[in-house]
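In: Here is a sequence together with a model predicted from it:
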Amino acid sequence: MDTTSGTTAFEDWDGSIAGARALQAALARKVRLEDDFASPPRLIAGFDVGFEDGGETTRAAAVLLDGDSAELRHACVARVPTSMPYVPGLLSFRELPALFAALALLPETPDLVFVDGQGIAHPRRLGIAAHFGVVTGLPCIGVAKKPLVGTADGVLGDERGARVPLRHRGEQIGWLLRSKPICLPLVVSPGHRVSMTTAVEMTMRYVGRYRLPEPTRQADAVASRRPGAAPVV
DNA sequence: GCGACAG
DNA sequence: ATCTTGTCGC
């Protein structure tokens, strides 16, 4: 895949909002929800996006962590001109170009990827994590801080690891996961080549002492330029 | 028609 | 997402 143009994922897109929704519906059919990745993963990755210049520049962070120890192995940042405004439901059209640029900077291909945002927990089942997975072919999991659509199927427990299905139009599209006591639950959903059950289990597997799982937390720190973030190479 | 709405 | 200080408490 050519990750330099920044438009690779949208070759069939006519540029319209209706066209974007149609493309999502078509790509959603290519999402695979069966586990299909090296398990246990040897190398995992985290992706997140931030902005500069009042939004004119999109900054994407990609980090690589050891799949066993969760130790940080690599961190990089890519910058691309922002090409679209934020439209609820069409986030991937705004942020994917930067994510592809960041992916191209990684020295190795991860076995499993965590993206900040929804997987299939989306109106047309193609949140940014699912879109990224289908286009790159990489196993992906979406970890969002709040839901876009869907309602909790039951009452979420207070203890660490408690989870409840997130449903939409009669089907489970993800989970509400209490990764840490007292904190608001995370919204976890499969993106591509990962099952519903494995999506939550892998997420909890990499949750340390913070609300976000390490891959996403590290990428978030780099993308948001927080002090203490991993030095970018 | 009204309200909601990942980042 | 981003703009921003202090403050309360598991």
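Out: Sure thing, it's come through.
In: Residue ranges in chain A under the pLDDT threshold?
Out: Low-confidence segments of chain A, defined by pLDDT under 70, span residues A:1-8.
In: mind listing what the residue in it positioned nearest to DNA strand C touches?
Out: For chain A and DNA strand C, the shortest gap (CB to the nearest atom of the strand) falls at A:Gly50, measuring 3.2 Å. For glycine as for every other residue, the C-beta is placed from the backbone atoms N, C-alpha and C. Contact analysis of A:Gly50 by CB atoms under 8 Å, 6 or more residues apart in numbering lists A:58-61, A:223-225.
In: Most neighbours among those, which one?
Out: For these, the largest number of neighbours (other CB atoms under 10 Å) sits with A:Ala61, at 28 neighbours.
In: Bridged to that residue, which residues?
Out: When bridges are called by DSSP bridges, A:Ala61 pairs up with A:Asp48, A:Val77.
In: quick revisit: tell me how far the residue lying closest to the residue of chain A closest to DNA strand C once chain neighbours are set aside lies from A:Glu95.
Out: In space, and not counting its chain neighbours, A:Gly50 is closest to A:Ala223: 3.8 Å by CB to CB, 6 or more residues apart in numbering. Distance, A:Ala223 to A:Glu95, by CB to CB, to the nearest Å: 10 Å.
In: Return the backbone torsion pair for the residue nearest to A:Gly50.
Out: phi -60, psi -30 (degrees, to the nearest 10).
In: Would you check that it makes contact with A:Gly46?
Out: No: taking CB atoms under 8 Å as the definition, A:Ala223 is not a contact partner of A:Gly46, at 9.6 Å.
In: Between those two, which contacts overlap?
Out: Counting by CB under 8 Å, 6+ apart, the residues touching both A:Ala223 and A:Gly46 are A:Ala61.
In: DNA strand B contacts on chain A?
Out: Contacts of chain A with DNA strand B, taken as CB under 7 Å from any atom of the strand, map to A:48-49, A:86, A:88-92, A:116-118, A:122, A:127-129, A:142, A:144-148.
In: quick check, the longest helix along chain A touching DNA strand C?
Out: Identified as the longest helix of chain A according to DSSP state H is helix A:91-105. No: with CB under 7 Å from any atom of the strand as the criterion, DNA strand C is not reached by helix A:91-105; the gap is at least 9.0 Å.
In: where does A:Gly170 sit relative to A:Asp153, distance-wise?
Out: A:Gly170 is 11 Å from A:Asp153, by CB to CB.
In: More neighbours: these two, which one.
Out: A:Asp153 (13 against 5).
In: A:Ile182: what's its closest spatial neighbour, skipping adjacent residues?
Out: Nearest residue to A:Ile182 in three dimensions, chain neighbours excluded: A:Asp158, at 7.9 Å (CB to CB, 6+ apart).
In: quick one: contacts for that neighbour?
Out: Taking CB under 8 Å, 6+ apart, one finds A:178, A:181-182 in contact with A:Asp158.
In: Return the members of those residues classed as buried.
Out: Neighbour-count burial (16 or more other CB atoms under 10 Å) applied to the contacts of A:Asp158 gives A:Arg178.
In: just curious, which of the contacts of A:Asp158 is nearest to DNA strand B?
Out: A:Arg178 (15.7 Å).
In: I am finished for the moment; much appreciated.
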